[in-house]
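>>> Would you be able to build a 3D model of this:
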Amino acid sequence: MKGSCNCGNVSFDVSGNIAGLYQCHCKLCQKQSGSTSNTATIVKESDFKWLSGVNSISHWKKESGFTSHFCKQCGCPVPNRLRESDYFWIPMGLVENVDISITTHLCCSSKAHWDDISDKTIRHNGMPPDLDVFIKSLHNSQISD
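As a prediction, this is how the structure comes out:
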């Protein structure tokens, strides 16, 4: 699975199995995406490879720890290491031609009023209580690319 930012400066490849997708409806993700949510997946570091543009990436960190990595040229959000873990967060809007389903919705209690979560997926009112359990639950719904 290959992905890139809007201008193409930053590109990456993900090999192996791709976990299910999740949508986060928190206010930070709404502002970062400019929409109702942020659709993403999490992959193992060993399955992630930068193809180009690492020097084109900048980041911003909020005091709470929320971090946003983005292309300096086009401002597009780009993958980044998930905290100090062995996983990378992948914004799925950067990837083309991948048939993977959304399995989980996060922060449903702060979703936009106009947002309608109509699918029958797992829902959390906030963040999952345990990040490791959440990552494992995404990977239990793996789909091969």
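
>>> make it CA atoms for all contacts and neighbour counts henceforth
Fine.

>>> In the protein, which residue is most central in space?
Nearest residue to the geometric centre of the chain (Cα atoms, centre = their mean): Ala40, 2.7 Å.

>>> low pLDDT regions in the protein?
Low-confidence segments of the chain, defined by pLDDT under 70: 19, 139-145.

>>> ok, back up a step: give me the contacts around the helix or strand that contains the residue nearest to the centre of the chain.
Here Ala40 sits within strand 38-44, counting by DSSP states H and E. When contacts are taken as Cα atoms under 8 Å, 6 or more residues apart in numbering, the neighbours of strand 38-44 outside the stretch itself are 14, 18-25, 29-30, 32, 86-93, 135, 138.

>>> now the strands for the chain?
Across the chain, reading from the start of the chain, the strands by DSSP state E fall at 2-4, 11-14, 17-18, 21-24, 38-44, 48-52, 57-61, 67-71, 80-81, 87-91, 102-106, 122-123, 143-144.

>>> Looking at the ones you listed, which is nearest to Asp130?
Relative to Asp130, the nearest member of the strands of the chain by Cα to Cα is strand 102-106, separated by 12.6 Å.
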